[in-house]
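Novice: Here is the input, now give the coordinates:
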Amino acid sequence: MPDMLQSHAGMMLDQSACNLLFLSARTANKFTDEPVSDDTLKAIYDLVKWAPTSLNQQPLRAVIVRSQSARQRLVDCMYGANKEKTAKAPVTIIFAADIDFHEHLPRLYPVYPQAKDEMFADRKARMESARLNAALEIAYFILGVRAAGLAAGPMTGFDAEKLQHAFFADGRYQALVVMNIGKPAAGAWFDRLPRLEYGDVFSVV
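Specialist: Reported below is the predicted structural model:
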């Protein structure tokens, strides 16, 4: 067994969970025809929604692409090999950041309801916060997909302006990631790329 699949000291998760979520998990490029139900997607979201965002702002919004017409509109926005991946995936989700997430803050962060107006009246400040925190939520969702026994194929290789016009023309939502989801098919993986070591990333002050 490769070293990376062997036990990680200090982890409370058992080895199979570590493998499922991180060590043997991969970004998938091909999927079987097995469908992914809305119930499965809801179960994934109902798990990962508890992960943290700044001030509990939860700016992530998602469009599940099911219809053939919507799928074709999306495929037309994708670059290169991402077109075929998106056309053939069991389900594809467009993840976006809600720039007006602050409208929900009085309900989501009731300990500081004035944050809506005191911290996020400026659209530029909202956009920066929304994009950062929605990206966090997308990462959590990838782990949720893996926890459900599925694989995710997140992509940023698309014409952002064209996709924005096709799905979010009013500008409130800003598209961030397109993600294919399903059971990985044979040949789904590219070779695993290297990762930085602890010492390359962490320093002590």
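Novice: The lengthiest strand in the chain pairs with which strands?
Specialist: The longest strand of the chain (DSSP state E) is strand 173-182. In its sheet, strand 173-182 lies beside strand 91-98 (antiparallel), strand 151-155 (antiparallel), with partners assigned from DSSP bridges.
Novice: want to throw these into CSV with mean neighbour count, mean pLDDT and distance to L13?
Specialist: Placement of C-beta: from N, CA and C, glycine included. Formatted as CSV, those follow (neighbours: other CB atoms under 10 Å; pLDDT from 0 to 100; distance: least, CB to CB, whole Å):
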stretch, mean neighbour count, mean pLDDT, distance to L13
strand 91-98, 23, 98, 26
strand 151-155, 22, 98, 19
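Novice: how about TSV for the ones you listed, with distance to L23 added?
Specialist: TSV is the format used below for the strands paired with strand 173-182 (distance: least, CB to CB, whole Å):
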stretch	distance to L23
strand 91-98	25
strand 151-155	14
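Novice: I'd like to know which of the ones you listed is closest to S67.
Specialist: strand 91-98 (11.3 Å; CB to CB).
Novice: and whichever helix or strand comes after that closest one, C-alpha only, in PDB?
Specialist: Helices and strands here follow DSSP states H and E; after strand 91-98, the next one along the chain is helix 105-108. Output of helix 105-108 as PDB, limited to C-alpha atoms (Å, rounded to 0.1, in the frame of the first residue of the first chain):
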ATOM      1  CA  LEU A 105     -27.500  38.200   8.200                       C
ATOM      2  CA  PRO A 106     -30.100  39.400  10.700                       C
ATOM      3  CA  ARG A 107     -31.500  35.800  10.700                       C
ATOM      4  CA  LEU A 108     -28.200  33.900  10.300                       C
END
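Novice: for the following helix or strand past helix 105-108, which positions count as buried?
Specialist: Under the assignment DSSP H and E, the closest C-terminal helix or strand after helix 105-108 is helix 115-118. Buried residues in helix 115-118, counting neighbours by 16 or more other CB atoms under 10 Å, are found at A115, K116.
Novice: Stretch 75-89 too?
Specialist: Using 16+ other CB under 10 Å as the test for burial, stretch 75-89 gives V75, C77, M78, N82, K83, K85, T86, K88, A89.
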